[in-house]
Every structure is written in C-alpha cells, then in structure tokens.
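In: I need the structure of the sequence given here:
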Amino acid sequence: QVQLVESGGGTVQTGGSLTLSCTVSGSIFSYDVMGWYRQAQGKKREWVASITPNGEADYAASLLGRFTISRDDAKETVHLQLTNLTPEDSAVYYCNARRTSSWPHRLDIGSWGLGTQVTVTS
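Out: Below you'll find the predicted structure:
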C-alpha cells in the first residue's frame, strides 16, 4: 500500500518562505511522477507542480515562478520550496504519486497524503 506523508507546513508572514516535504513508502519511487496540490478553504483542490522521474518539472502558471519542486530518489522524498508567500497561498498542501505526467489537473489519479497546512499572515 502506497503511503505519502507531508511535512513542513506552518505559519509565516507575507513574503516569507517554507519548504514542504513528502516522503513515500510502498511504491517504487523512482517510477513515480510526484505532484503537489493545494486546497484553500472553500475552494477546489488545484494542481501546483509536478516532477517526472527524469526530473522534468512543471508548474501552474499562476505561481509566477515562486515555487520550486525537487526530488531525492535516494530518500524517496519530494520537496516544494515556497517563496515570496502571500495570504492567497494559504491552503492545505497535498502530495500525490502517480505513474503518468499526463492530466496533472485530474484528481482521480494516484495516491494522496493527508496534507500539511500552510498559513500566510498579512
């Protein structure tokens, strides 16, 4: 059974930074396309970024280059560095593991963690 555990969330002020981590077990991590998603209160879950087994990264255009996704296959961990945060970035951030880089916006593919809360204060 695939398990994903997110960590690194917290409360920061506007302009601050955080690094989120997600550790995967029960899967062949090196085959997984890893993604980060977020869900703000009262809104739908949305795709943030993905990284393929080859290290190719893709990002939601709305992020304006503020976030960076990376992976460490030896540690079976994916990271998401968040910079220049604004209150609009406040959400629960979820990690996802899937075997395809197609359709990143689909939420019915792959396995999910329970999420980590990011709160940005003004």
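
In: gap between G110 and A61?
Out: 22 Å (CB to CB, to the nearest Å). The C-beta positions use only the backbone N, C-alpha and C, and glycine is treated the same way.

In: look at those two and report which has more neighbours.
Out: For G110 and A61, the more surrounded residue by other CB atoms under 10 Å is G110, and the numbers stand at 19 against 6.

In: wait, isn't that one in contact with A97?
Out: Yes - with contacts counted by CB atoms under 8 Å, G110 reaches A97, the gap being 5.3 Å.

In: which residues are in contact with each of the two?
Out: Common neighbours of G110 and A97, using CB atoms under 8 Å, 6 or more residues apart in numbering, are V33, G35.

In: tell me where the protein has strands.
Out: 3-7, 10-13, 18-25, 33-39, 46-51, 57-59, 67-72, 77-82, 91-98, 111-112, 116-121 (DSSP state E).

In: pull out the buried residues from the first one.
Out: What that stands for is strand 3-7. L4, E6 (16 or more other CB atoms under 10 Å).

In: who's in contact with that strand?
Out: Counting by CB under 8 Å, 6+ apart, 20-26, 93-97, 111-116 sit against strand 3-7.
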